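Visitor: Dropping the sequence and predicted coords here.
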Amino acid sequence: MNPQHSRELFCWHAFQRQSCGSGYDNLVDSFVNLCKGSPLALKVMGAHVSSGEKAYWKLQLDVVKARLHKDIRDTLKISYDALEEDQKQIFNDIVCFFIGERVSTAINIWKASRWRAEHALQTLKDKCLVETILRGGELTFPDTIDYYEPPFYFRMHDHLRDLGRELADNETNHPLRRWRPEDLVLLKLKELYCFLWAGRTDSTQLNKLVSSFGILNNLERLQLNFGKDIFRWNIECNCLLLSVRKLTNLKTLELMYFQLEEEFALSNSGEATDDRFCMGSLEAITLCGAFKTRRVSISGQSCPILKTLKLYSMEDLIEVDVTGVTTLEGLVLNMTELPNFGFVSCLKRICISRCRNLRDISAIEILKGLKRIWIAHCPELESIKAIEQLRRLKRIFINECTELQGVICLEELKPLKSVFIGRCPRLQNIQGIEFLICLESIVINGCPLVQHITGIEKLKGLKQMIFFKDK
């Protein structure tokens, strides 16, 4: 960047305007010269000194001069060194594992580590060390979100990513991170509680990795994400499951874009006396992009405390059997038709997304205990009348169901707290809103035939109302 633009960019992040404050001209010039026109360095250094007085600026200028040399990464490390310990840990997690991943997923993990996740993330954003971007796509269960919140994902400059990964390489304290697939020293560890890995290595190393999972005795979360390389890998599905079953403390299993067989089974059929096949700690399973899988079967004996099952981007899936899993509370489905829900009548949360041929959801009427429902990107769905029978619902999210028509009556859904209905251009009306005494949030967007919602003025507890008629 030229000197003028560099100065303006630095001032925007240091003073929230294009020009500097009174008496700061020389200090600003000094910082701009040291940043040598790098937009990233200008943003990071501007944000770093924005809350300080002149004395602080002069001190930081001396620090930068002493450590900068000619490497821009040293400039970035100055801002990193000023972070608190949990902020550093969260920054390192982002650069190693979460670039391109959903923000809410990472926050839930950090909260489990008792880190101040939201505060730390806001600090990193204020210092321009990380960015979050809005992107459409999958729905998950936003248990920590009271109202509708769009999906945000992490983004980071390559310089910052490289810096963070260098720091992770040199890190000796817990938690230990390994972000390179070929770094098989990971297999010697016994006290690893969170393992996320994006596969970009050859099949020999990968098979070695899979067959060695059993030594990670304390592993609680396992994610294998093969991305666009799904068809490169030559791994026996049974070998993977045998290794995973040895992880007796595993709580979360995520297989992303993995080439599974026609049936994915975690069941004890014929092997009920073998303790290896009882994953007694497993609480959540996610399968995404297993394009050839037609049947998913999980027994209550194998997974006695399973709470959440998420099945994304599985276009050939036609059958789901979780008979005997009486603890299942959350279910995400991408299927042509909905299964018989008699075996999961205890469900509390369900997400039905991208079911291309789905026309009605009458199968969910049996789910009397359902509290949250998400339905999105179902282009043939015409009716959701079954929702009117779910009288314990607290949250409804309906989006991008372009053939949905008629009238939705919510009068009997007294516990409802949140309603989001978006981009349903053929929906004609929403009735019964005035009877929802617990309602706190209602968002109606892109439903041009819904001209007016009667009785909204009677809702004394309403905190959020957004109503857009446009298509």
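Guide: Received the coordinates, thanks.

Visitor: what sits against the spatially closest residue to residue 130 that is not a sequence neighbour?
Guide: Counting by CB to CB, 6 or more residues apart in numbering, residue 130 lies nearest to residue 124, which is 4.5 Å off, once chain neighbours are set aside. No exception for glycine: its C-beta is placed from N, CA and C like everyone else's. The neighbours of residue 124, taking CB atoms under 8 Å, 6 or more residues apart in numbering as the test, are 83, 87, 90-91, 94, 130.

Visitor: Tell me the spacing between residue 124 and residue 155.
Guide: 12 Å (CB to CB, to the nearest Å).

Visitor: Mutual contacts of those two, please.
Guide: Both residue 124 and residue 155 are contacted by residue 130, under the criterion CB under 8 Å, 6+ apart.

Visitor: circling back to that earlier point, looking at the contacts of residue 124, which is nearest residue 13?
Guide: residue 130 (14.3 Å; CB to CB).

Visitor: Is that closest one in contact with residue 157, as I believe?
Guide: No. Between residue 130 and residue 157 there is no contact under CB atoms under 8 Å: 9.1 Å.

Visitor: between the two, which one's more packed in?
Guide: residue 130 (23 against 19; other CB atoms under 10 Å).

Visitor: Got the phi and psi for that one?
Guide: phi -150, psi 150 (degrees, to the nearest 10).

Visitor: Which element, helix or strand, includes the residue nearest to residue 130?
Guide: helix 117-126 (DSSP states H and E).

Visitor: re earlier: now, which of the contacts of residue 124 lie within helices?
Guide: Counted as lying in helices by DSSP state H, out of these, are 87, 90-91.

Visitor: And these, which is closest to residue 375?
Guide: Among these, residue 90 lies closest to residue 375 (CB to CB), at 33.2 Å.

Visitor: Excluding chain neighbours, what is closest to the closest one?
Guide: Spatially, and ignoring its direct neighbours in sequence, residue 90 is nearest to residue 120 (4.6 Å; CB to CB, 6+ apart).

Visitor: neighbours around the one you found, how many?
Guide: Neighbours of residue 120 (other CB under 10 Å): 21.

Visitor: Quickly note the distance from it to residue 280.
Guide: For residue 120, the distance to residue 280 equals 33 Å [CB to CB].

Visitor: Just say helix, strand or coil for the nearest residue to residue 321 once chain neighbours are set aside.
Guide: Nearest non-adjacent residue to residue 321, counting by CB to CB, 6+ apart: residue 297, 4.6 Å away. Using DSSP: H, G, I helix; E, B strand; the rest coil, the structure places residue 297 in strand.

Visitor: Specify the beta-bridge partners of residue 297.
Guide: residue 265, residue 321 (DSSP bridges).

Visitor: what residues are up against it?
Guide: Going by CB under 8 Å, 6+ apart, the list of residues near residue 297 reads 263-267, 321-322.

Visitor: Closest to residue 421 out of the residues you listed?
Guide: Proximity of the contacts of residue 297 to residue 421 was ranked by CB to CB; the top entry is residue 322 with 29.4 Å.

Visitor: Would you agree that closest one is in contact with residue 308?
Guide: No. Under the criterion of CB under 8 Å, residue 322 makes no contact with residue 308, lying 11.2 Å away.

Visitor: Overlap of the contact sets of the two?
Guide: Here residue 322 and residue 308 have residue 328 as joint contacts, going by CB under 8 Å, 6+ apart.

Visitor: neighbour count winner among the two?
Guide: residue 322 (22 against 18).

Visitor: per-residue pLDDT, the more buried one?
Guide: For residue 322, the model assigns a pLDDT of 86.

Visitor: do you know how far it is from residue 403?
Guide: Noted for residue 322: a distance of 29 Å to residue 403, by CB to CB.

Visitor: got it, and residue 351?
Guide: From residue 351 to residue 403 the distance is 19 Å (CB to CB).
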